[in-house]
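Participant: Make a model of this:
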Amino acid sequence: MSTAIHWSGPLLVCGAVLLGLSIVAISFKPVVNQPLSPGLAALLLLSAAVLLVSLPGMYAAQADAIGLLGLAGHVLLEIGVLLLVVLAATPLLYPTVTESSGENVVVFVLGIALTVGLLLTGVATLQGGVFPQTASILLLAATAGFFFVFFVAEFLPAVAGQLGSTFFGILLAVGFAWIGTSLWSRG
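Facilitator: Have a look, this model is predicted:
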């Protein structure tokens, strides 16, 4: 295995932990129609950057086993991670803005890309058998959690979105961290 793939493991763990912390911190208060704090936005942006750098190593380690389904999932997942960048941009660039961006086509499309990317990546990773199956199942469960939070929870009481976000963040972080640890331990 190449050195780049090996070292993408600890980066994936780091990105997963940062993302999990960000999502759980966001879930402590309902942020529907509220901007993120600059500190939380910076944490979200950092997690996105680390994930964007490390996810190609995850794909490369299993590329032969997951085929075109895995490639499609990886591409959509990478595009979907840009949702984190878009969400973090305004609070970082314009910290005095106190209004949320509201409904946005770009955010919606990136949310769809992230949902489908997580789903295809989870299925391909499960079928490929390169990484632990339980980690793949966690990615699939996180997909359902993200779908709920992004597309359904806004129509429910705020606590439903908060709990959904917490579980989604934890599942996603543990799934990616497990895969990252597996990559790293392959030496």
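Participant: quick one, what contacts Phe176?
Facilitator: By C-beta atoms under 8 Å, 6 or more residues apart in numbering, the contact set of Phe176 is 12-13, 15-16, 19, 51, 135, 139. Just so you know, the C-beta spots here come from the backbone N, C-alpha and C atoms, and that holds for glycine as well.
Participant: same question, Pro132
Facilitator: Per C-beta under 8 Å, 6+ apart, neighbours of Pro132: 178-179, 182.
Participant: Between the residues you listed, which sits nearest Gln162?
Facilitator: Checking the contacts of Pro132 against Gln162 with C-beta to C-beta, the nearest one is Trp178 at 24.7 Å.
Participant: quick one on the thing from earlier: by neighbours, which of the contacts of Pro132 wins?
Facilitator: Highest neighbour count within the contacts of Pro132: Ile179, with 30 neighbours (other C-beta atoms under 10 Å).
Participant: Give me the secondary structure label for it.
Facilitator: helix (DSSP: H, G, I helix; E, B strand; the rest coil).
Participant: Low-confidence bits of the protein, can you list those?
Facilitator: 1, 30-34, 99-102, 187 (pLDDT under 70).
Participant: re earlier: adding distance to Ala60, write the contacts of Pro132 out as CSV.
Facilitator: Below are those laid out as CSV (distance: C-beta to C-beta, whole Å):
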residue, distance to Ala60
Trp178, 18
Ile179, 13
Ser182, 14
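Participant: Now flag whichever of these is closest to Leu77.
Facilitator: Ile179 (12.2 Å).
Participant: Name the nearest of the contacts of Phe176 relative to Leu163.
Facilitator: Leu19 (17.8 Å).
Participant: In contact with the closest one: list those residues for me.
Facilitator: Leu19 is in contact with 44, 47-48, 51, 84, 169, 172-173, 176, counting by C-beta under 8 Å, 6+ apart.
Participant: Thanks again, I'm all set now.
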